[in-house]
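**Q** A predicted structure for the sequence below; I have some questions about it.
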Amino acid sequence: MAYQTPDSKKEEFRKYLEKSGVIDALTKVLVGLYEEPERPPNAVDYIKRYMGAPTGIDVDAYYSCVHRVASPQRAPPPCRPRGEGRESQRAARRRRDERQHPVRNAGSGRRTTT
């Protein structure tokens, strides 16, 4: 394996960014931000909009979903925004519990004594 100096790694990475168009895209967005007559209150959101990224996304939830899908251990659960589908999850849990514990009173969710 060939040893690379930190300077050669940096140069290789810079060439990669330049070849893939990242340098040009970042330059354009920064020039656009500079030429704005009024500075936007959130520069990061401005850059995201300029680059075409959707705003208002929970990035942590997105990446956890992506990692679950990429995980080879088991089939991933469907990715849903937080809070969505909880009622169906509760209903499935209730049905599973009723099958495992048939003496449970289905109406109140409490166990009955016999």
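**A** Cool, the structure landed. Numbers count the residues shown, from 1 in each chain.
**Q** can I get the helix or strand encompassing Glu11 as CSV, trimmed to CA atoms?
**A** Using DSSP states H and E, Glu11 sits within helix 6-20. Extracted C-alpha coordinates of helix 6-20, given in CSV (Å, rounded to 0.1, in the frame of the first residue of the first chain):
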residue,chain,number,x,y,z
PRO,A,6,-1.7,14.7,4.1
ASP,A,7,-1.0,17.3,1.4
SER,A,8,-1.5,14.7,-1.4
LYS,A,9,-4.7,13.5,0.2
LYS,A,10,-6.0,17.0,0.3
GLU,A,11,-5.0,17.6,-3.3
GLU,A,12,-6.7,14.3,-4.4
PHE,A,13,-9.9,15.3,-2.6
ARG,A,14,-9.8,18.8,-4.1
LYS,A,15,-9.5,17.3,-7.6
TYR,A,16,-12.4,15.0,-6.8
LEU,A,17,-14.6,17.9,-5.7
GLU,A,18,-13.6,19.9,-8.8
LYS,A,19,-14.2,17.0,-11.2
SER,A,20,-17.6,16.3,-9.7
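**Q** what's the distance between Glu18 and Glu12?
**A** Using CB to CB, to the nearest Å, Glu18 is found at 11 Å from Glu12. All C-beta atoms are positioned from the backbone trio N, CA, C, and that covers glycine.
**Q** give me the domain ranges for this protein.
**A** If you go by automatic domain parsing, the domain ranges for the chain are 7-55, 57-104.
**Q** just give me the lowest mean pLDDT stretch among those.
**A** Note on these: domain 57-104 shows the lowest mean pLDDT, a mean of 66.
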